[in-house]
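>>> generate a structure from the sequence data that follows.
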Amino acid sequence: MESVEGARSFITSGGAYDLFMGRYSRPLAVTFVEAAGVSPGARALDVGCGPGALTGVLVGLLGADAVCAFDPSAPFVAECEARHPGVDVRLGRAEAIPFDDASFDCALAQLVLHFVTDPQQAAIELKRVVRPGGLVAACVWDFGEGMEMLRHFWDAALTVDPGAPDEATTLRFGREGEIAELFSTAGFVDISEATLTVESHYQGFEELWSGFLAGIGPAGTFCLSLPADRCARVREELFRSIGSPSGPFALAATARYAHGRRST
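Numbering: from 1, shown residues only. Next up is the predicted model:
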């Protein structure tokens, strides 16, 4: 099974992802499902499931036979299948969701929209796969200020390289109103938005830094693209930016969230 277009910098193991972003996406998934109001008895789709953080929360609430998932990264599809037996996990993109029309009561996209090539087409696909009256919801990190790990990293990177591809300027949907506007344009109704905040605890700075060296996502890709001396400078700047910790510390992460419903 080969990855499809859209996997980009996520052709990696689920374990590596867990150490970098999974430590945030797991608690976020709990908060996300609660905010969306997913209730027992629903049939749910995890859009861009990764190794299965949100999938697991949905399985715990609904049961494996009521949950489906897909992702463009083949390693993530395999990992999600292994972690959540009984879930129908497929390879696919948000712009061409590999499930039938009106198959789900709800479709949730966690930390996905900002990596989608054609968000408008993805919104159309979300509308297609949920039943009339069905729920759609999405959340994306607030890259400007709210996601401390990435904000500290990009501030450090910009100090070393003013042309660094800061996700706050290169990716969409991390600002207030952007997801709601996408849903509105696609014709969803009863749209509302809010913020969701979680945090992750590190035993020390090296635990944080090792996540970037795994090469995951835009930050990891940029980190590994640097010559050794400039990468070391980013490390020094990052260490200074988070307060030069000598022991355990925590970083908070805020996501922008919105949900809506397909009109009946």
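
>>> mind listing what's buried in stretch 41-58?
42-58 (16 or more other C-beta atoms under 10 Å). Glycine gets a C-beta too; all of them are placed from N, C-alpha and C.

>>> can you confirm Ala252 is in a strand?
Yes: the assignment for Ala252 by DSSP: H, G, I helix; E, B strand; the rest coil puts it in a strand.

>>> the closest residue to it other than its chain neighbours sits in which helix or strand?
Spatial nearest neighbour of Ala252, chain neighbours left out: Glu199 (4.5 Å); criterion: C-beta to C-beta, 6 or more residues apart in numbering. Here Glu199, judged by DSSP states H and E, is contained in strand 189-202.

>>> for the residue nearest to Ala252, list the residues it contacts.
Pro27, Ala250, Leu251, Ala252, Ala253 (C-beta atoms under 8 Å, 6 or more residues apart in numbering).

>>> mind pulling up the pLDDT for it?
We have a pLDDT of 96 for Glu199.

>>> and the strands in this structure?
Using DSSP state E, the strands of the chain run over 44-47, 67-71, 88-91, 104-110, 130-141, 189-202, 249-261.

>>> spatially central residue for the chain, please.
Leu111 (2.0 Å; C-alpha atoms, centre = their mean).

>>> which residue packs closest to Ala219, ignoring adjacent ones?
Nearest one to Ala219, counting by C-beta to C-beta, 6+ apart, is Phe153 at 5.2 Å.

>>> so who does that neighbour touch?
Counted by C-beta under 8 Å, 6+ apart, Phe153 has contacts Phe212, Ala219, Cys223, Val234, Leu238.

>>> on that earlier part again, can I get the strands of the chain in TSV including distance to Glu34?
Shown next, in TSV, are the strands of the chain (distance: least, C-beta to C-beta, whole Å):
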stretch	distance to Glu34
strand 44-47	14
strand 67-71	16
strand 88-91	23
strand 104-110	12
strand 130-141	11
strand 189-202	9
strand 249-261	11
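
>>> of those strands, which approaches Glu178 most closely?
Proximity to Glu178 (C-beta to C-beta) singles out strand 249-261 among the strands of the chain, at 7.1 Å.

>>> and that closest one, what's buried?
Quick answer for strand 249-261 (16+ other C-beta under 10 Å): Phe249, Leu251, Ala253, Thr254, Ala255, Arg256, Tyr257, Ala258, His259, Gly260, Arg261.

>>> of these, which is the nearest to Leu182?
Looking across the buried residues of strand 249-261 and measuring by C-beta to C-beta, the closest to Leu182 is Ala258, at 8.2 Å.

>>> against Ala53, how distant is the closest residue to Thr254 other than its chain neighbours?
Leaving aside its sequence neighbours, Thr254 sits nearest to Gly146 (C-beta to C-beta, 6+ apart; 2.9 Å). Gly146 is 18 Å from Ala53, where distance means C-beta to C-beta, to the nearest Å.

>>> picking that back up, quick one: contacts for the residue nearest to the centre of the chain?
Met21, Ser25, Leu28, Gly48, Gly50, Cys139, Val140, Trp141, Ala255.

>>> now, which of those sits nearest Asp100?
Distances from Asp100 to those, taken by C-beta to C-beta, are shortest for Gly48, at 18.4 Å.

>>> name the nearest residue to the closest one, sequence neighbours excluded.
Val112 (3.5 Å).

>>> what are the ranges of the helices in the stretch 51-200 of the chain?
53-62, 74-83, 119-129, 148-160, 167-170, 178-185 (DSSP state H, counting those that start in this stretch).
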